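Visitor: Only the shape, not the letters, is given here:
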């Protein structure tokens, strides 16, 4: 009997030690997608103290992590209940009129850094949190508390920021938008900082074996006066104004890079420089980043005018941040070392902001790949290739710009009717997934380029990919199977050699995008027009664009026209002038034929003997020369051979046909005067150049 009592007592003691209180426990779990998902599943405030008390009676045992982190769970639970917390300004007025909920459909799309909000709504004071009765609530930040004091945090109030921007001439809507973005970013950054510190201290305490000294009043957090003094949005705006930025420039920067509002405005002589493990500075004041990016890079290096430099700054997210300004300088230096001049980079002001926002490390990896043994592109040619507009898709694939958060993403997530906490978890999960997918896409893009280059090397014998990269870099992302089928058809069915195929692809890379069946239709049409099968390889080698013509819309109308003017052997005519199948009837063929009938007595004979007549420009060459012979030189043109009039250059035509003895000066003057008469704008530009 005593044994039974002893067993019951031991069971009761173990139960009391395990649970620490009387009654059952209700399991509470956070959403699986939550970025702050806690490993503990139950809730009890006094559990840590029970563990500590039990340890005193049985010797020193290492404290175990409780089954609950009640303080954190209460904090997270408050996020579900509370709405958007609005920062009060110095006068105690909340920006309720300007604050817009996260899921509001009326807010315009805006860009922010990837340092995205984790929580938009939060309680910034210590103490119990009660669920507010309205969707939004303004919370006073007592100045006597050591946490996130109202004195520095209130300067980021949305209404206050908007008023500052309006004083600089920004319109009301843009100012309110920028102010709201800045306020949301600051709230998110403060919340993230507090939660990270709390989790770090909690884990450290439990690993050391000590209970967690937290009561029911929440998470203790403090910020020193020295740290608070570094936040000065008024100083940030003043510095940007001193550098010549307008109010609209400041509003644009705050909209796409709100972290600039929390940067140190100016450098001081006695400040402590924070360095990373490599001995490099981790952060710079806004004054320094403006000197580096706005003055040094845009104005001095790229020689942009102040207006253009400001325009680039407005369109370049992150350019004024510490990392952004350093990366932009590295990108420009890399492009210059690869053969691009600063003038050529500055000339394309549309793509320059995008280029400056790319990662120099990813660009360098692309350079190493292009110059490797697989593609063998000379380093001096890579810079000009990468800066051209058609290379944007290539750069987006292997060196994408870091994702920015927009309200469109918020709206998409908010449409799921999630709670506040779940919404923020969805956003965080979205960006974590986006970063993972971003890296996966980069690796897949490189594999695709390698596969395409391998097929072109084996099937077409291409060794120099410089021409393809320059004219059509998108070809490296095409379907490998279709490329293999195309090269096989051209080699086996058309009879083209590897050299023929290589020349055709390098001249016209878009050929690789076409379906083989379309090319087959064109080849069959050419053979039906009695084009010699032995001539097909040379025709398609020199004029591969012929394979992309539409038989119904392009080729059949041209063949009908040639037959109407008396051409009997269409195959021979097309063999001598393959591009004729793609000429426009209304713009090219008919006007040129009508003019030839006016100036030539044997028009049909001349066209059959010299089909290239249709390839010369009507106004600039054909009419100009015939009118010079007829009106200036008084030479009868009816019996002049068309090939003699057209096949020479301007100087040889003047000397050999017009019989001038001034080495072409008179004919050049005639061309210039007649061109100005036909196009007054050309004459105006010439006069301006002469001045």
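Guide: Arrived safely, thanks for sending. Please read these numbers as outputs of a predicted model, since none were measured by experiment.
Visitor: Could you measure from the closest residue to residue 452 other than its chain neighbours over to residue 448?
Guide: Leaving aside its sequence neighbours, residue 452 sits nearest to residue 476 (C-beta to C-beta, 6 or more residues apart in numbering; 4.9 Å). Every C-beta, even on glycine, is put in place using the N, C-alpha and C of the backbone. From residue 476 across to residue 448, the span is 7 Å (C-beta to C-beta, to the nearest Å).
Visitor: who has more neighbours, those two?
Guide: Per other C-beta atoms under 10 Å, whichever of residue 476 and residue 448 has more neighbours is residue 476, with 24 against 17.
Visitor: my read is the more buried one is in a helix, agree?
Guide: Yes. If the criterion is DSSP: H, G, I helix; E, B strand; the rest coil, then residue 476 is within a helix.
Visitor: I'd assumed residue 453 was in contact with it.
Guide: Yes. Assessed by C-beta atoms under 8 Å, residue 476 is found in contact with residue 453 at 6.9 Å.
Visitor: tell me the contacts of the residue nearest to residue 452?
Guide: In this structure, residue 476 makes contact with 394, 448-449, 452-453, 468-469, judged by C-beta atoms under 8 Å, 6 or more residues apart in numbering.
Visitor: which one of these sits closest to residue 555?
Guide: Taking C-beta to C-beta as the measure, residue 555 lies nearest residue 468 of those, at 27.0 Å.
Visitor: pretty sure that closest one is touching residue 507, no?
Guide: No. In this structure residue 468 lies outside contact range of residue 507 using C-beta under 8 Å: 9.9 Å.
Visitor: Those two: who's more crowded?
Guide: Per other C-beta under 10 Å, whichever of residue 468 and residue 507 has more neighbours is residue 468, with 23 against 16.
Visitor: Make sure I have this right: the more buried one is in a strand.
Guide: No. Under three-state DSSP, residue 468 sits outside any strand and is assigned helix.
Visitor: picking that back up, can you list the contacts of residue 476 in a markdown table and add distance to residue 602?
Guide: Formatted as a markdown table, those follow (distance: C-beta to C-beta, whole Å):
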| residue | distance to residue 602 |
| --- | --- |
| 394 | 53 |
| 448 | 57 |
| 449 | 56 |
| 452 | 52 |
| 453 | 53 |
| 468 | 45 |
| 469 | 49 |
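Visitor: and these, which of them are in strands?
Guide: Counting by DSSP state E, these place none of their members in strands.
Visitor: so which of those comes closest to residue 593?
Guide: Nearest to residue 593 among these, counting by C-beta to C-beta, is residue 468 at 37.7 Å.
Visitor: Work out for me the element the nearest residue to residue 400 once chain neighbours are set aside sits within.
Guide: Excluding the flanking residues, the one nearest residue 400 by C-beta to C-beta, 6+ apart is residue 438, at 6.1 Å. Assigned by DSSP states H and E, residue 438 falls within helix 420-459.
Visitor: what mean pLDDT does that helix have?
Guide: Mean pLDDT, computed over helix 420-459, is 75.
Visitor: can you start the count at 18 instead of 1 from here on
Guide: Sure, I'll start counting at 18 from here, so that last one is helix 437-476.
Visitor: List the buried residues for the helix or strand residue 578 falls within?
Guide: Residue 578 belongs to helix 573-581 when assigned by DSSP H and E. Neighbour-count burial for helix 573-581, with 16 or more other C-beta atoms under 10 Å as criterion, is recorded at 575-576, 578-579.
Visitor: can you check stretch 531-538 too?
Guide: Here stretch 531-538 shows 536, 538 as buried, counting by 16+ other C-beta under 10 Å.
Visitor: for the stretch 518-667 of the chain, what are the low-confidence residue spans?
Guide: Nowhere does the stretch 518-667 of the chain drop to pLDDT under 70.
Visitor: residue ranges for the helices of it, please.
Guide: Assigned by DSSP state H, counting those that start in this stretch, the stretch 518-667 of the chain shows helices spanning 533-545, 553-559, 573-581, 587-593, 607-616, 620-626, 641-644, 659-663, 667-669.
Visitor: Which of the ones you listed sits closest to residue 515?
Guide: helix 553-559 (11.3 Å).
Visitor: In terms of secondary structure, what does the closest one contact?
Guide: Judged by 3 or more C-beta pairs under 8 Å, 6 or more residues apart in numbering; DSSP states H and E, the packing partners of helix 553-559 are helix 515-524, helix 533-545.
Visitor: nearest to residue 265, of the ones you listed?
Guide: helix 515-524 (46.9 Å).
Visitor: buried set for the closest one?
Guide: In helix 515-524, counting by 16+ other C-beta under 10 Å, buried: 517-524.
Visitor: Kindly report the same for stretch 474-484.
Guide: 476-477, 479, 482-483.
Visitor: State the mean pLDDT of stretch 176-192.
Guide: 94.
Visitor: which parts of it are buried?
Guide: In stretch 176-192, counting by 16+ other C-beta under 10 Å, buried: 176-183, 185, 187, 191-192.
Visitor: and of those residues, the nearest to residue 351?
Guide: When the buried residues of stretch 176-192 are compared for distance to residue 351 (C-beta to C-beta), residue 191 comes out closest, at 34.8 Å.
Visitor: in the stretch 218-367 of the chain, which segments are predicted with low confidence?
Guide: Residue ranges of the stretch 218-367 of the chain with pLDDT under 70: 227-241, 286-299.
Visitor: Sketch out the helices for it, chain order is fine.
Guide: Going by DSSP H, counting those that start in this stretch, the stretch 218-367 of the chain shows helices at 242-246, 250-259, 264-273, 303-306, 323-331, 339-354, 359-364.
Visitor: after the last one, next one along is what?
Guide: Proceeding N to C from helix 359-364, the next assigned helix or strand is helix 369-373, under DSSP H and E.
Visitor: and that next one, which residues are buried?
Guide: Quick answer for helix 369-373 (16+ other C-beta under 10 Å): 369-370, 372-373.
Visitor: so what's the spatially closest residue to residue 532 that is not a sequence neighbour up against?
Guide: By the measure of C-beta to C-beta, 6+ apart, the closest residue to residue 532 outside its immediate chain neighbours is residue 499, 7.4 Å from it. Residues near residue 499 by C-beta under 8 Å, 6+ apart: 529, 532-533.
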